[in-house]
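Asks: what shape does this take:
(one chain, ligands or ions: 2)
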Amino acid sequence: MEAIRFDELDLYPQILRGIKEMGFEEATPIQSKAIPVVLSGADVIGQAQTGTGKTAAFGVPVLQKVDPSNKKTQVIILSPTRELAIQVADELRKLSKYMHGVKVLPVYGGQEITKQIRSLKGGAQIIIGTPGRVMDHLRRKTIRCDYVDTIVLDEADEMLNMGFREDIETILEYIPEERQTILFSATMPKPILDITKKYQHDAVTIKVVKKELTVPSIDQYYYDVKRKDKVDVLTRLLDYYDPKLSLVFCNTKRMVDELAQELQGRGYFAEGLHGDMKQTQRDRVMKSFRNGKTDILIATDVAARGIDVDDVEAVFNYDIPQDDEYYVHRIGRTGRAGRCGRAFTFVKGKEVYKLKDIQRYCKTKILAQPIPSSDDVAQIKAEKVMDRIATIIEEEDLREMIDIIDKQVNESDFTAMDIAAAFLKQALGTGVENETNAEYDFENTGAEEGMVRLFINIGKKQNVKPGDVLGAIAGESGMPGRLVGAIDMFDKYTFVEVPREYGREVLDAMKSAKIKGKSVSVEPANQK
Ligand code: ADP
Ligand code: MG
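Replies: Residues are numbered from 1 along each chain as shown. Ligands and ions are numbered 1, 2, ... in the order given. Here you go, the predicted structure:
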């Protein structure tokens, strides 16, 4: 079955807006199958692995069912732990962000009950709770079921593992017979099937089955990375492995946009690709990736579907894929045509379990790998420079250069070793520039204090975007992109501000640079 787009479903525009804002590109397989059935009002038994989007699979249709004008409890969702209850509540709040009058409240053990009772008095149509605590409230009549027409048992296998079976059955007895009973679980052991037999009517079973898949033989690594460190680790790996072309996968459109901006800001030639972009935009991005002008493409699974590029040397799973099958599709983009390829997956905390699933299902090995240190990166960069140098020594006529160095060694206290080391430092872009800015007039550029304003003879008419200018400056000069100041674009020219101490470096670096394939001339702005 094909995955569906949310807007193909008969949902309130407010819900679609919430979904859109979460950046979901299309429904996951379990969502595609389950949402229409839940919407139909039937009892449902849904089975799909962890991380496949089961929350929205029941959350979206349940929201569609809620009557915002009735403040009474209409939906009870049972969840095994406090953390999961909070997580589900958060997801439902985001999905219902634009539905006025819908309140979602988590209740769980460990939280002061009097406080919970006060919140419950305020009225919440959707209550998400751990079984013990929900039962407690039902007994105290602080949760009333007169209007409850939907009950969801989420992560049912976990709830049973935690010994909640009796509590669940007690709760089910409280809920009016005229109801929709929805159960979602990653696995379906017998005790769950017993519950479904006893408490559901004509339930529709929805199962997302997995196909056998072959994984290409490429090196696969994973890194344990906290969310906030992901960009740093990504750039470190990009610097270390220096892949010719890289594909970076994110799970949401929003993440694609965010990451593209982050990388551009750090001077990488990165572009995003997702379903919200116009066809012409997508064509432009793909063309630029094919001809190597963009060397990092950041995409969602959906957007990447049509991509067929041979030289992709690395695939990054910036977000761990939603579905095992996606993993195989994603990493299959590298190692084509007998080329070497690598796949890197970032996981945080519990996502390691998902990784285990993927390995089991795909019968593949994904090895833990330490994050390269900045020394490792410097080392490998130096090795690359030395490789280039070796070629120059072999292939070029260096007599004149040797004379100059010879003269320098004779006339100064430097050894040839000192000089070679200094050149290496410069080549690595870590050299300190102590030169004056004498050749350039930085006095009257009209820039903010401490900055210089530069004029570039290229503008909007040439289809140039601020990100291109920023990328070129940071990429060519090695100055961190975040130091770039205001960028003012006009039809045929652009002004950009950079810190004064980098002015000369940027101007020198831009002498031979191209933006969007065009040679440019850059000079200090003249506001005299
Ligand atoms: P499960 O309950 O199956 O383990 P969740 O519902 O917790 O999975 O979803 C896992 C993650 O996937 C969540 O961060 C959720 O926001 C995200 N997600 C759910 N549906 C989609 C979708 N259609 N597209 C992208 N991300 C999604
Ligand atoms: Mg879940």
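
Asks: from here on, just use CA atoms for contacts and neighbour counts.
Replies: Will do.

Asks: thought Pro372 was touching Arg236?
Replies: Yes: with contact defined as Cα atoms under 8 Å, Pro372 counts as touching Arg236 (7.0 Å).

Asks: what about the two, which has more around it?
Replies: Arg236 (18 against 14; other Cα atoms under 10 Å).

Asks: and that one, what pLDDT?
Replies: As predicted, Arg236 sits at a pLDDT of 92.

Asks: how about the helix or strand harbouring it: buried residues?
Replies: Assigned by DSSP states H and E, Arg236 belongs to helix 230-241. Across helix 230-241, burial judged by 16 or more other Cα atoms under 10 Å covers 230-231, 233-234, 236-241.

Asks: next secondary structure after the longest helix anywhere in the chain?
Replies: Secondary structure of the chain per DSSP state H: the longest helix is helix 374-395. The helix or strand immediately downstream of helix 374-395 is helix 399-411, counting by DSSP H and E.

Asks: pLDDT of the helix or strand just after that following helix, averaged?
Replies: Sequence order places helix 416-427 as the next helix or strand after helix 399-411, per DSSP H and E. Averaged over helix 416-427, pLDDT sits at 88.

Asks: with adjacent residues omitted, what lies nearest to Leu138?
Replies: Closest residue to Leu138 apart from its sequence neighbours, by Cα to Cα, 6 or more residues apart in numbering: Arg144 at 6.4 Å.

Asks: which element, helix or strand, includes the one you found?
Replies: Using DSSP H and E, Arg144 falls outside every helix and strand.

Asks: and for it, the neighbour number?
Replies: By the criterion of other Cα under 10 Å, Arg144 has 16 neighbours.

Asks: is it true that Ile117 touches Arg144?
Replies: No: counting by Cα under 8 Å, Ile117 stays clear of Arg144, with 11.9 Å between them.

Asks: before we move on, the earlier item: closest one of the buried residues of helix 230-241 to Val152?
Replies: The closest of the buried residues of helix 230-241 to Val152 turns out to be Lys230 (Cα to Cα; 34.6 Å).

Asks: how close does the closest one get to Ala42?
Replies: Using Cα to Cα, to the nearest Å, we find Lys230 at a distance of 42 Å from Ala42.

Asks: pLDDT wise, what is the residue nearest to Leu138 at?
Replies: pLDDT recorded at Arg144 is 95.

Asks: for it, give its distance to ligand 1.
Replies: Using Cα to the nearest ligand atom, to the nearest Å, Arg144 is found at 27 Å from ligand 1.

Asks: i'd like the first residue to be 118 from this point on
Replies: OK, 118 is where the count begins now, so the last one is Arg261.

Asks: what segments of the stretch 218-367 of the chain are strands?
Replies: Along the stretch 218-367 of the chain, the segments classed as strands by DSSP state E, counting those that start in this stretch run 221-224, 243-246, 267-270, 297-302, 321-324, 336-341, 362-366.

Asks: nearest to ligand 1, of those strands?
Replies: Ligand 1 lies closest to strand 297-302 among these, at 8.2 Å (Cα to the nearest ligand atom).

Asks: look up how far ligand 1 lies from Val179.
Replies: Taking Cα to the nearest ligand atom as the measure, Val179 falls 14 Å from ligand 1.

Asks: now do the helix or strand encompassing that residue against strand 297-302, angle only.
Replies: Assessed by DSSP H and E, Val179 sits inside helix 171-182. Inter-element angle recorded for helix 171-182 and strand 297-302: 170 degrees (by axes from the mean of the first three to the mean of the last three Cα atoms, to 10 degrees).

Asks: rewinding a little: tell me the one of the buried residues of helix 347-358 nearest ligand 1?
Replies: For the buried residues of helix 347-358, the minimum distance to ligand 1 (Cα to the nearest ligand atom) is 16.1 Å, reached by Lys347.

Asks: residues contacting the closest one?
Replies: Neighbouring residues of Lys347 by Cα atoms under 8 Å, 6 or more residues apart in numbering: 435, 463.

Asks: near ligand 1, which residues of the stretch 268-417 of the chain?
Replies: Contact residues, the stretch 268-417 of the chain versus ligand 1 (Cα under 6 Å from any ligand atom): 368-369.

Asks: point out where this protein drops to low pLDDT.
Replies: 118-119, 327-334, 423, 453-456, 546-556, 645 (pLDDT under 70).

Asks: show me how it divides into domains.
Replies: For the chain, automatic domain parsing gives the domain ranges 123-329, 335-489, 493-546, 556-641.

Asks: tell me the gap between the third one and the middle of its chain.
Replies: Computed by Cα atoms, centre = their mean, to the nearest Å, the separation of domain 493-546 from the middle of its chain amounts to 41 Å.

Asks: check stretch 402-418 too.
Replies: On the basis of Cα atoms, centre = their mean, stretch 402-418 sits 16 Å off its chain's mean C-alpha point.

Asks: distance between the ends of that stretch?
Replies: From its first residue to its last, stretch 402-418 covers 16 Å (Cα to Cα).

Asks: just the buried positions in it, please.
Replies: 402-403, 405-407, 410-418.

Asks: buried sites along the helix holding Val179?
Replies: Buried residues in helix 171-182, counted by 16+ other Cα under 10 Å: 171-182.

Asks: quick check, nearest of the residues you listed to Ser636?
Replies: Ranked by distance to Ser636 (Cα to Cα), these are led by Ala173 at 49.6 Å.

Asks: got the residues of this protein near ligand 1?
Replies: 141-145, 166-173, 368-369.

Asks: in helices only, show me the residues you listed.
Replies: 171-173.

Asks: can I get these in CSV with distance to Val155?
Replies: CSV is the format used below for those (distance: Cα to Cα, whole Å):
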residue, distance to Val155
Lys171, 12
Thr172, 12
Ala173, 11
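
Asks: Tyr385: which of these is nearest?
Replies: Ala173 (34.9 Å).

Asks: not counting sequence-adjacent ones, nearest residue to that closest one?
Replies: Sequence neighbours aside, Gln148 is the residue nearest to Ala173 in space, at 7.0 Å (criterion: Cα to Cα, 6+ apart).

Asks: how about that neighbour, what does it touch?
Replies: For Gln148, the contact set (Cα under 8 Å, 6+ apart) comprises 170-171, 173-175.

Asks: kindly recompute the last result at 7 Å.
Replies: Gln148 sits next to 170-171, 174 when contact means Cα atoms under 7 Å, 6 or more residues apart in numbering.

Asks: next, work out how far apart it and Gly163 are.
Replies: 10 Å.

Asks: and for Gly392?
Replies: For Gly392, the distance to Gly163 equals 28 Å [Cα to Cα].

Asks: do the same with Ala241
Replies: According to Cα to Cα, Ala241 and Gly163 sit 26 Å apart.

Asks: between the two, who's got more neighbours?
Replies: Per other Cα under 10 Å, whichever of Ala241 and Gly163 has more neighbours is Gly163, with 27 against 22.

Asks: which elements pack onto the helix or strand hosting the more buried one?
Replies: Using DSSP H and E, Gly163 sits within strand 161-164. Judged by 3 or more Cα pairs under 7 Å, 6 or more residues apart in numbering; DSSP states H and E, the packing partners of strand 161-164 are strand 297-302, strand 321-324.

Asks: what count of nearby residues applies to the closest residue to ligand 1 within the stretch 418-567 of the chain?
Replies: Scanning the stretch 418-567 of the chain for the residue nearest ligand 1 gives Gln439, at 6.3 Å (criterion: Cα to the nearest ligand atom). Neighbourhood size, Gln439 [other Cα under 10 Å]: 19.

Asks: gap between Ile413 and ligand 1?
Replies: Using Cα to the nearest ligand atom, we find Ile413 at a distance of 21 Å from ligand 1.

Asks: identify the bridge partners of that residue.
Replies: Residues in a beta bridge with Ile413, per DSSP bridges, are Ser363, Ala387.

Asks: which residues does it contact?
Replies: Contacts for Ile413 (Cα under 7 Å, 6+ apart) come out as 362-364, 386-388.
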